Every structure is written in C-alpha cells, then in structure tokens.
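Asker: Fold the following.
(3 chains)
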Amino acid sequence: MDAVLKMVAQRLALGLLTLFVVSLIIFASVEMLPGDVAEEILGQSATPETVAALRRDLGLDRPAHIRYFEWLGDMAQGDFGRSLANKREITELLGTRLWNTLFLAGYAAVIAVPLSLALGILAALYRNSLYDRLVNSATLTSISFPEFFVAYIMIAIFAVSWRWFPAIVNVTAETPLDERLYKAFLPAIVLTMVITAHMMRMTRAAIINLMASPYIEMARLKGLTRRRIILHHALPNALAPIINVIALNLAYLVVGVVVVEVVFVYPGLGQLIIDSVTKRDIPVVQACSLIFALTYILLNLLADILSILSNPRLLHPR
Amino acid sequence: MTTSDDLARLVGMGRIGRRDLIKGAAAVGAMGAVERVLGRPAGAAMPKKGGHFKMGIGHGSTTDSLSPVTWENGYTLLLCFAFANYLTEIDSSGKLVGELAESWDASPDAKVWTFKLRKGVEFHNGKTMTAQDVIDSINSLHRGEDSKSPAKPLLSAVTGIKADGDNVVFTLEKGSADFPYLMSDYHMPILPSNGDGTVMADAGIGTGGYKVKHFEPGVRAELERNPNYWKEGKAHFDSAELLSIIDVAARTNALTTGEIHAMDRCDLKTVHLLKRDRNVVVTEVTGTRHYTFPMDTRAAPFDNNDVRLALKYAIDRDEIVQKILRGYGKVGNDTPIAPATSFYAELEQRTYDPDKAKFHLKKAGAEGLTVDLSAADAAFPGAVDAAVLYKEHAAKAGITINVIREPNDGYWSNVWMKKPWSACYWGGRPTADWMFSTAYEAGVAWNDTFWDHKKFNQILVEARVELDEAKRAAMYREMQTIVRDEGGVVVPMFANYVGAHSTALANEGTVAGNWDSDGSKIVERWWFA
Amino acid sequence: MAVTSDTPRRSPARAVKLLRESPWSARFGMAVILVYVVAALFAPAIAPYGETEIVGAEYEVWSEQFPIGTDNLGRDMLSRVIYGARNTVGIAFLTTLLAFLIGSIAGLLAATLRGWVDQLLGRTVDVLMAIPSLIFALLILTIVGTSVINMIVVIAVLDSTRVFRLTRAVSMNVVVMDFVESARLRGEGLWWIMRQEILPNIAAPLVAEFGLRFCFVFLTISALSFLGLGIQPPTADWGSMVRDNATLISYGDITPMIPAAAIALLTVGVNFVVDWFLHKTSGLKE
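Answerer: Numbers count the residues shown, from 1 in each chain, chains lettered A, B, ... in the order given. So this is what the prediction gives:
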C-alpha cells in the first residue's frame, strides 16, 4: 500500500504542475487569438476609441506576462477574480453551473457505467451470438450519430410527440431533486447513448483479449464454465483498460457536453467556456479550464490507483 | 397604414410642415411602414393583467451584464426595454413618441434641443426621476474620453447638456433634424444618479414596467411587475422570465410543447411546418434590417467602380430572398435605406444581369475576375449559403467567387472590415441620416466599405440642416442613387422579423418593425388573452 | 493500418481462404466499405449532378429527377451524399490513421522505456488531455487558420493522446510479462521488442479502438462544423449536411436521416470488420 500512497502523493504534485502548464497554455492561446475582450464585447459596434477606453478600463493595456502573473498570484490565494466581460465574481458564475454539470455527468454515469459493463460482459460471454452482434450494432449506431442529432430525435419523440418529458431543461438552484431528475432525464439518456458504446466495446475487447492467455487456457482445461472463467478469471485482469476507458468517458461527460447543453438549454460549464472564449474573457476561460483539468487529473489518478490495485504485478514491480 | 412613401409624398406636397416633424408631440411616423403580414389579429380585446410570461430568445451570452454600455445582443435589448425607459421611444406603429420626455422642441437651426421631462416618475428604488438623472445617465456613460459606449458616436455632435427646471437642454455643434430619434437608442436608458455625476449602471434599476428580480447571464432573467409604473395600459404580466435559448430547434420545441409562450427568430426553413400547429401564431414584420456584402473600396479590384457594378449585377436577388429567407424578406437595391426608413426613395430595381456584369468587367479590364468572399453565419443566418449561391450566380457572368467560411468566433473583429469583401448585417436605423452617418459617411468608424464620395458626403451634411422637406427628400433620393450606383456595398435583401407565440397571448394589433419581438417590447406591450 | 503488421503474411490464396471463412457480419462490413470506397473514388461518374450545382428549387420532394430530394439551396441530395463520402470518409480516415501512428508509437515507447521518457510523454499527454479537446481544437484552428491539412493534424494530435493512453495502459500489463523480460535479457533491440513481443499482445484492444476512434474523429469534425470551423462550404460533408437540416427532424421529416444513416452504416461496417480482425488476432478459434 505504501507504493500506492507514494504514487498518489507523486501524482498530486504532478497534477499541480499539470494545472500550471494548462493555465499557461490556455492563457497563451487566448492571447494569441486575434481580437481581445475589448473588441469582442463591443462587437460590431466597436470603434477604435471605445476599444481603447475599454482596454484601459480592464487593464488590458499592460503586457501579457504581467497580467498572467497577477492572475496566478490571485489564484494562489484562492481568488478566482472577476469576469472581464461583466465584472461578476467568477466563483458566483461557476457555482451553479459546476453543480449542474456535475449533476448531469453523475446522472449519466450512474446509468451508463453499469449498463455498459453488463452489456460488455454479456457480449464477451455470448461472443459472436446474435445478441453480441445486435448489441454491437445498436451501440455503434447510437454513437455514430452526432450528439445533437440523437438529442433532436429524442426530443421529437419523447417531448414533442408523446409529451413525456420537457423539451428544455429549465432548472434553477432551487429546483427540488426529483423534479431535476425528471427534467434532466432526456439529456442524461443522450449522454448515456454517446458513451455506452465505447465502454461496452472496451469491456468486451479486454475480456476477449485475455481469453487466449495461458491461465485462462488452464482454467478451461480444468473444466470451469465460461461464465465462471469470464467473471472470476478474465474480468479482474481486464479491469485496467476498462477502468481507463471509463475514466476517459467520465471526464468527457464533464468537459464534452457543450452540444447537449445547447440543445437542451442546460446551464452548464460547456456553454460558459464557449461564450468566454468567444468574448476572450481570459479569467473565466482559465477558471473553467482549470476545473476541467482538475476533473481529468483526479479521475485519472483514481483510474490508475484502481488499475494498480487490480493488478498485483503492477502493485509489486520487480 | 401610413407608409413612408405616402409620408414622403405628403411632405413633398407640403402637407406636413417641418415644425411638425421636429415637434415630438405631433410627429407622424417617419419610419411608418409597419406591415403585419401574417398572424391572426389578436388585438381586439381589452388588455388583461396577470400571469407568468416566459419568452425564449435566440441570443444571450454568459458574458452579458446589466450595464448599458455592454448591451449588444437581442437578449439585452428585451431586458433593457423591460426594466428601463428612454427619453423617446419608437411606438408599435413606428412613430417616434415621448417616453420619459413628455415633449420636445428645437431651435430653428436644430442646434438646441429642449426635452420636457415627465413628472412624478419613480425608479424601482423609490427615487423620483429628475433632470439630473437624465444628464448623469448620458454624460457618465456615453460621453467623455473614457466612455466605451457604442452610443458615443451618436452623441459626438453634442457640446453640452444642462438642466432647465424640468427640462433637459442639449446643445449641438451642428444642426441635426433627427436628434430626438437618437435618444431612443437602446444604449441610453435613464438610470438613477448616484449624486456625484455617475449613475447606478450595473444595478438593473430603472423606471420601467418590470423590476429585475434575478439575472443569470446567458441563462435567464426573472422579472416582476413594477407596481408603481407610470405608463398607463402597459406592463400587463405579473411576472416574466426571459430565457436564452440559442439553438433554434430547441426554441421551437420549447414553444410547441408549451415551455415558453413566445420566441423570436423562427427557423425559416421550417416555419411553414410550424404554422400548422394550431396553438402557435407566426408573426412576420418588415423592418429595416438588411444583410449586406461590403467591399473595401480602397483595395483592388474593388477600387474600380465597374468591378463593383459587375458584382452588383452578378447576383440574383430574387433567388437569394427565396432560398435564404424562404421568402420572408424583400429584395435589396444596393442601398441600406428600407421602405420603412424615413426618406426612402423608390429607385429602379437592379436585377440579375450577367451580360451587364460582363460589360462592366470588360470596361474595367477585369475579365475572368476571381475574388474571395468571406462569410460566416455570425454575419447573418444563412450568410455562408448566400455566399455559395452568389458564387453560382456570378459564375454565369464569368466571375469566380471563392467562398471562404470564416469562424463565427471573432467574426466582427477579425473578418468584417478586415477582409476586403465580407458578409455583414445591419439592424437598420429609423432615419436615413442615422443610417448614412453610421456606415456611409467618409471616415466614420463603421464605414465598412471605406467609401469616400465627395458629393455624397457634402449632400449628407447639407441635408441634416435643410429646412425645406421637399428639398430634403430630393437630397436623400440623390444620396440613395449615388450609393446604389457608386457605393461599395451589395445589398441583396431586407430580412423580415419572424417570430412566433402561443395563442394564449394577445397584443395591440400592430407589431413594431424596428426590432424582433414587437420592437423588443413584447414584455411591456403584450398580455394573456 | 498501423496495428495489423502482426497479421499473418498474406498470399492471394490465403486471402481468398480468409474471405471464405469470414462470418456474414465481416462480409457485410467489407461490402459497405467497398461501396463507400467506390462512391468516394468515382463520385463524379456516379452522381447524377455536380457537387455544388444548383439544379432545382429548395427542399424538393423525392422524385424521379431527384431520388432523395434537394437540399436547402436546391442542390441534389443524392449527389451531395455521394460526394460527401469522398470528403468525409477520406479526411476522417487520414486523421485516424495519423492519430494511431503518433499515439501507438509514443505509447509503446513510454511503456517499454519507462523512466523519464514515460514521464515526459505521460505528462505532455496529461496536459493535452486535461484541456477539453473541442475547446483546444477551436483555439488552435482559430489561431493557425482552418484548412483541411491543419484540421487533420490538429485533430490527429489531440486524438493521439487517447491512443497513447490506451497503448500505454495495455502495454504496461505486457511489459511486466516474463517473455518481454527474457527478450530484454537476450539483448534484443527496442524496436524488435516493441514490434515482436509487445505489439502482437496489445493489438486486439488497439484494433477495437481504431473503429471507434474513426467514428469519434468524424464526430469531432462535425462538432467543429457546428462551431463554424469544419470543412469549407460548398464542399459536401455529411456532418454539415446533418446539421443544416437537423431542425426538420422535429417535424418528422427524414431527409436529415440520410447522411446520418450513411455515417452510421459506415461505422457499423468498419467495426464489423474490426471485430473480425479482433477475432483473428486474438487467436481464438472457437
């Protein structure tokens, strides 16, 4: 276990470094984008004079590196700062949206992870059967449609024709949990459809991959049933790649749902970061990016810990 | 219905005097032409109070704020007209009427404007509105070197604003006959003064019909009726919710499933299908909004007027209106002045003529011309498709147009007025002078064709102070002809405002044509039937 | 494919034998791919009209003249679907290939060498992956400009991070095996170990991933079109075609289903073939 603890400490330190590099890259990229927040806020109505005035007002007339280190200093003290575009506290902007995003991601994950594991194990168990092919084709089809397309179809059927669920997810911070679960059901299902195929196929592939291993051969020669071989011998050893893919998909649920947010009018982080990039609102872009990066780092750390715990050879390297 | 054609004629016949136009109380709709083409008449009943109104708006960003100088999109427009008032207002028939100004008067040279303020108007925080609030609202936000207001150029001619009892007096450097129109610009609401020359710019406190209860930028605003609203027979809903729903399919679905009561910007591709829904009414209003392809007239080959003419003849406007606007619009004539604008002149319509285009190309010595046209749907919905159609039309005249799809992101700062030829839209201005001096006068900030036409510039300045209406009309006619024949802009179409609402709603019977959603005053003007 | 170098050397006779043994699903998949390849290669000969030619009114219904109607500008849908195969499939395939080339080599290096190489590559990839790829692609493409080449490279690099992680994860399990250790002790070269000892043992999950990555790349391109940075108009590509007509779905019109179905069919087809490869390479003959 000491090895694991050491790794966690090491990875957390590296995580901090990653966050720092991410903030540097994001800052540099947004700086390199043509146009700045002053021009974008004023949009079509920008004149050289008003742009200059706004730049002075926002402190954009100072060099980029100074602004970056100022931001970094504030960050180190836990101060996210304010949006350049509307001068609101970033923590206030992020608060409800982060919760909304995590809620939807969690909702979809609770449905998708058990579902795809079950489907994947069954597909490996009944490999090349009609069931296997059907599940494969169905998940592949669902994944090959663009998200907005799946979402529109779900809305057309369940919201417009049958009126079972609302077409848009109009929730506020005060919305009670049961109502929230009901309203967010359609987007959660769309996200489930988007990530299930990947996780299910990886589960299946990883198990099948192990089926040729000598120890499985051994188990088979011992006369164990297929079910027992897969569940007790193959699955534990196949966990590493499966956990990795699950972590990737969970991270995607947090960072990649912009399109679903737009279609269901769901106030999450995705829309916030797109709007902020469009307006070159660097502090907000930075804050969102850091949250995304942190999510990703933590999920991966978790995946790696689980992988190591599931593979004794990695736990005790020679 | 008074169209501005009629108006121009009336003016020409001397039936309307200049004093009438200048005096607010008697002003006849100079931007008339508000047509109600579609939708069942719903205005017969008496307005009823009550209900919670929900509106889906195809605009809004998480970067929006309540500060007037940052207002730039359709969402903030609806919000500002709900909570704030202005000195003047364009009413639903297109007339300029007083709002916080009861009436106004000008000196004969149109250099000194006196606005008489309404008495006993209260802000949401209980403070009574005074001349000082007006002066501080204008001065602290829209004038001065540090102002970042988009309305700043409108006030560039103002040399001083002072209080005179209940009146506010504006002094201009040069005469401007249309000055009261400018005071209806949505960036210039009257906000409560802090007493030190500044105003409460971010508080969302105004004199309007609704108080801002909660505002979450890019998501929703919750409004509740101002019980002390001074305007009679307006602001009927108990409360209202403005939802930002950018995706047009989501907006439409929300309306058909009853999640919202009204939406703006219908999807033109499917609006004929939406009309089949018996619970939904589609409204279409012809206004001043136009879509353009401005060329940089300083850069080759656009510096040659024959090349510009060739390009103007090489576009099939009818097909563009049919396919891009699905018929919800009107063909343009290469001038920005809409039939709904004051002093619109009916000129001969330019039509698609590949032979004439070839003729002008030959004259310019530019046969086999190849040009790049930059477009993005940020310029206007369907801009990329319009450019692709244009490419096909121009090919018949021997012109090769390379359509370059630019990113929506940063379009206004990186493409428009940066690339030699791009796509653009204009919300339109209620008066010809306002439109011309915004984008066609030499040297102004948004002169997106970088056009500098001596004669045009000269007439423009003269017309601003011309006292004789007939002469003024003739001058604007000449200016429109010059822009059409020598300007750097291709104006293929005027786009209608197409919105939809539930049959549960009723309105006054006329729907304004200056912005989406009844001049963006749907929250103030409509009610539940 | 970068990852199939371990499949048995193929003579024509062997290929025929393989084909004869192939299950119906793989045959179906191959047939689909063949049809798409033919459509992509011979689009100008097959399509009834030109790619960008405006031949009728907008949204014409299905008729003899226009078998599946016309689009919003009056271009023949069938012709655009056929030309779309060329643009969409070609670009997505190239991108995926490049992503696998970069990702699997880097992943193998990291797993085999470990130490600072692993750390360096791992940290770089961590940083790249920690930034949402769509946002990052948007940023970079806005900076460097949208051309097909830029798009392929940017998406491939961003996507290769996923391939890297997977390759590294599965290789790690293999690297600790005894046969790799003994190869090392024998003094075999790095490339030899990677190619001969590790790659064959990790090919299955990689191949499985390829089919899906192809599809994700495709979706990334269509998401970029959504943000106005994808393939340039008037070029026909299925992603934009779906997007342009998507609002019709709410009214029960199935026109936008056609390019979407074309994508789905290809994805299923590719993955059927991939499954078959998986079956072959996993060495299971049951």
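
Asker: contacting residues for A:Arg62?
Answerer: Taking Cβ atoms under 8 Å, 6 or more residues apart in numbering or on different chains, we find A:Arg62 in contact with no residue. To be clear about C-beta, it is placed using only N, CA and C from the backbone, and glycine gets the same treatment.

Asker: where in the stretch 1-150 of chain B is pLDDT low?
Answerer: B:1-45 (pLDDT under 70).

Asker: where do the strands sit along it?
Answerer: B:52-57, B:88-90, B:96-98, B:101-106, B:112-117 (DSSP state E, counting those that start in this stretch).

Asker: Repeat that for the stretch 201-318 of chain A.
Answerer: Using DSSP E, counting those that start in this stretch, strands in the stretch 201-318 of chain A do not occur.

Asker: Just want the residue of the stretch 151-300 of chain A that's nearest chain B.
Answerer: Nearest residue of the stretch 151-300 of chain A to chain B, counting by Cβ to the nearest Cβ: A:Ala167, 3.8 Å away.

Asker: any idea which helix or strand comes after the lengthiest helix in chain B?
Answerer: Criterion DSSP state H: the longest helix present in chain B is helix B:469-486. Remark: after helix B:469-486, the chain's next helix or strand is strand B:489-495, criterion DSSP states H and E.

Asker: what about dumping the CA coordinates of that next one to PDB?
Answerer: Taking Å, rounded to 0.1, in the frame of the first residue of the first chain, the C-alpha atoms of strand B:489-495 are listed here in PDB:
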ATOM      1  CA  VAL B 489     -22.000  47.600 -50.900                       C
ATOM      2  CA  VAL B 490     -24.100  44.900 -52.300                       C
ATOM      3  CA  VAL B 491     -27.400  44.800 -50.500                       C
ATOM      4  CA  PRO B 492     -29.200  41.700 -51.700                       C
ATOM      5  CA  MET B 493     -32.000  41.700 -49.200                       C
ATOM      6  CA  PHE B 494     -34.100  43.100 -46.300                       C
ATOM      7  CA  ALA B 495     -34.900  40.500 -43.800                       C
END
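
Asker: Please give me every residue in contact with C:Pro234.
Answerer: Applying Cβ under 8 Å, 6+ apart, we find C:Pro234 in contact with B:Val388, B:Lys391, B:Val403, C:Glu51, C:Thr52.

Asker: how many neighbours does the fourth one have?
Answerer: By other Cβ atoms under 10 Å in any protein chain shown, the residues close to C:Glu51 number 19.

Asker: Would you map the helices across the stretch 151-300 of chain A?
Answerer: For the stretch 151-300 of chain A, helices defined by DSSP state H, counting those that start in this stretch occupy the ranges A:177-183, A:185-210, A:214-221, A:226-228, A:235-255, A:258-264, A:269-279, A:282-310.

Asker: Tell me the residues of the stretch 201-318 of chain A that contact chain B?
Answerer: By Cβ under 8 Å from any Cβ of the partner chain, the part of the stretch 201-318 of chain A that sits against chain B consists of A:262-265, A:267, A:271-272, A:275-279, A:281, A:284.

Asker: what residues are up against residue 246?
Answerer: Reading this off chain A. Per Cβ under 8 Å, 6+ apart, neighbours of A:Ile246: A:Val113, A:Met199, A:Ala303.

Asker: The intended chain is chain B.
Answerer: B:Ile246 makes contacts with A:Val262, A:Val265, B:Gly58, B:His59, B:Gly60, as judged by Cβ under 8 Å, 6+ apart.

Asker: which among those gets closest to B:Ala101?
Answerer: Using Cβ to Cβ, B:His59 is the member of these that sits closest to B:Ala101, with 28.7 Å.

Asker: in chain C, which residue is closest to the centre?
Answerer: The residue lying closest to the centre of chain C (Cα atoms, centre = their mean) is C:Phe214, at 1.9 Å.

Asker: which SSE is it in?
Answerer: Following DSSP H and E, one finds C:Phe214 within helix C:199-226.

Asker: where does that helix sit relative to the chain's centre, distance-wise?
Answerer: Mean-position distance between helix C:199-226 and its chain equals 5 Å (Cα atoms, centre = their mean, to the nearest Å).

Asker: Are it and chain A in contact anywhere?
Answerer: Yes: under the criterion of Cβ under 8 Å from any Cβ, chain A is reached by helix C:199-226 at C:Ala204, C:Pro205, C:Ala208, C:Glu209, C:Leu212, C:Cys215, C:Phe218, C:Leu219, C:Ser222, C:Ala223, C:Phe226.

Asker: Output these as a markdown table; include the columns pLDDT, distance to B:Val112 and neighbour count.
Answerer: Below are those laid out as a markdown table (pLDDT from 0 to 100; distance: Cβ to Cβ, whole Å; neighbours: other Cβ atoms under 10 Å in any protein chain shown):
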| residue | pLDDT | distance to B:Val112 | neighbour count |
| --- | --- | --- | --- |
| C:Ala204 | 75 | 86 | 26 |
| C:Pro205 | 75 | 82 | 26 |
| C:Ala208 | 74 | 80 | 26 |
| C:Glu209 | 78 | 76 | 28 |
| C:Leu212 | 75 | 73 | 25 |
| C:Cys215 | 79 | 70 | 25 |
| C:Phe218 | 78 | 66 | 26 |
| C:Leu219 | 76 | 64 | 21 |
| C:Ser222 | 71 | 60 | 29 |
| C:Ala223 | 71 | 58 | 23 |
| C:Phe226 | 62 | 54 | 22 |
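
Asker: of the residues you listed, closest to A:Ile195?
Answerer: For the residues of helix C:199-226 next to chain A, the nearest to A:Ile195 is C:Leu212 (11.0 Å; Cβ to Cβ).

Asker: Confirm for me that the closest one is in contact with A:Ser144.
Answerer: No: using Cβ atoms under 8 Å as the test, C:Leu212 is too far from A:Ser144 to be in contact (9.6 Å).

Asker: secondary structure class for B:Glu160?
Answerer: That one is not Glu; residue B:160 is Gly. State at B:Gly160, reduced to three classes by DSSP: H, G, I helix; E, B strand; the rest coil: strand.

Asker: The nearest residue to it once chain neighbours are set aside: how many residues sit nearby?
Answerer: Spatially, and ignoring its direct neighbours in sequence, B:Gly160 is nearest to B:Thr171 (4.5 Å; Cβ to Cβ, 6 or more residues apart in numbering or on different chains). For B:Thr171, the tally of surrounding residues (other Cβ under 10 Å) stands at 14.

Asker: do the same with A:Glu92
Answerer: A:Glu92 has 12 neighbouring residues, counting by other Cβ under 10 Å.

Asker: which ones are touching it?
Answerer: Here A:Glu92 is in contact with no residues (criterion: Cβ under 8 Å, 6+ apart).

Asker: so which strand or helix has it?
Answerer: Following DSSP H and E, one finds A:Glu92 within helix A:90-125.

Asker: Would you list the phi and psi of the residue of chain B positioned farthest from its centre?
Answerer: Largest separation from the mean C-alpha position in chain B: B:Gly365, at 39.0 Å (Cα atoms, centre = their mean). Per-residue torsions, B:Gly365: phi 70, psi 30 (degrees, to the nearest 10).
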